[in-house]
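Asker: Here is the input, now give the coordinates:
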Amino acid sequence: MEPRIRNRFTQAIRAEAATRYGVAVDALHELDGAESFIFEFVRSGQPLILRIGHNLRRNPDL
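Answerer: This next block holds a predicted model:
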């Protein structure tokens with residue numbers, strides 16, 4: 001992953017994602033992602049995957 005993408009992903013973003021999905025921050029286990037941040041976690045006994053993307057390559061007019 002490009003450093004400029006990795007550098008934009010902060011612990012605050014990770015904490016916000018955990019809050020929105022109703023899990024503890026330490027329950028998010030990072031997997032390998034080429035262009036996104038991919039996490040696995042378990043909620044209510046069900047294994048789930050969370051993908052957090054970025055907008056660095058998006059056209060600002062969209």
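Asker: where do the strands sit along this protein?
Answerer: Secondary structure of the chain (DSSP state E): strands at 29-31, 37-43, 46-52.
Asker: Quick one: mean pLDDT for stretch 49-58?
Answerer: Stretch 49-58 shows a mean pLDDT of 76.
Asker: Just give me the residue closest to the centre of the chain.
Answerer: Centroid-nearest residue in the chain: I52, 3.5 Å away (criterion: CA atoms, centre = their mean).
Asker: I'd guessed it sits against T10; true?
Answerer: No: using CB atoms under 8 Å, I52 is not in contact with T10; the gap is 11.2 Å. The way it works is simple: take the backbone N, C-alpha and C, and place the C-beta from them, glycine included.
Asker: picking up where we left off before, show me the contacts for the residue nearest to the centre of the chain.
Answerer: The neighbours of I52, taking CB atoms under 8 Å, 6 or more residues apart in numbering as the test, are F9, I13, A17, S36, F37, I38, F39.
Asker: Please check those residues and keep the buried ones.
Answerer: Buried members of the contacts of I52, scored by 16 or more other CB atoms under 10 Å, are A17, F37, I38, F39.
Asker: still on that earlier bit, tell me the most buried of the strands of the chain?
Answerer: Highest mean neighbour count among these (mean count of other CB atoms under 10 Å): strand 37-43, with a mean of 16.
Asker: now the angle from it to strand 46-52?
Answerer: Here strand 37-43 points in a direction 150 degrees away from that of strand 46-52 (axes from the mean of the first three to the mean of the last three CA atoms, to 10 degrees).
Asker: average pLDDT across strand 37-43?
Answerer: The pLDDT scores in strand 37-43 average 91.
Asker: Using CSV, write out the CA atom coordinates for it.
Answerer: Extracted C-alpha coordinates of strand 37-43, given in CSV (Å, rounded to 0.1, in the frame of the first residue of the first chain):
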residue,chain,number,x,y,z
PHE,A,37,-7.9,-1.5,4.9
ILE,A,38,-9.5,-4.9,5.5
PHE,A,39,-10.4,-6.2,8.9
GLU,A,40,-12.0,-9.3,10.2
PHE,A,41,-14.0,-9.4,13.4
VAL,A,42,-16.8,-11.4,15.1
ARG,A,43,-20.0,-9.8,16.1
